[in-house]
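A.B. asks: Quick one: sequence and predicted model below, then my questions.
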Amino acid sequence: MGPHFWASPLRYFRWAARERPNLFWSCVLGGIGPVMLFTVPPLRRFLGDPDAAPYPRTYPVPTGPRKKLTGYGDEIETETETETWGRT
């Protein structure tokens, strides 16, 4: 068994880096995440990288009259069809 963590942490880190690198590096990368949460945004602003534009929260409504759309299956009814429709 390797050295105990609380007895000598630095010795444990050296042992874990050699004997169990997957555990060691996953803990290192997991510990870096919260640190980056507070250091990266101010560093980006300092270097001149602007924040992204906010996404639109509403859809712009057109101001003119709406066009009547016609397409496949939209038949234009003539007067004779409307008069005889529904009659036998």
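C.D. replies: Good, I have the coordinates.
A.B. asks: count of residues packed around residue 16?
C.D. replies: By other C-beta atoms under 10 Å, the residues close to residue 16 number 19. Where you see a C-beta, it was placed from the backbone N, CA and C, and this is true even at glycine.
A.B. asks: Can you tell me how far it is from residue 63?
C.D. replies: Distance, residue 16 to residue 63, by C-beta to C-beta, to the nearest Å: 66 Å.
A.B. asks: Kindly report the same for residue 40.
C.D. replies: Counting by C-beta to C-beta, the gap from residue 40 to residue 63 is 42 Å.
A.B. asks: quick one: which of the two has more around it?
C.D. replies: residue 40 (10 against 5).
A.B. asks: Show the model's pLDDT score for that one.
C.D. replies: For residue 40, the pLDDT comes out at 93.
A.B. asks: For whichever helix or strand it is part of, buried residues please.
C.D. replies: Residue 40 belongs to helix 21-46 when assigned by DSSP states H and E. By 16 or more other C-beta atoms under 10 Å, the buried positions in helix 21-46 come out as residue 24.
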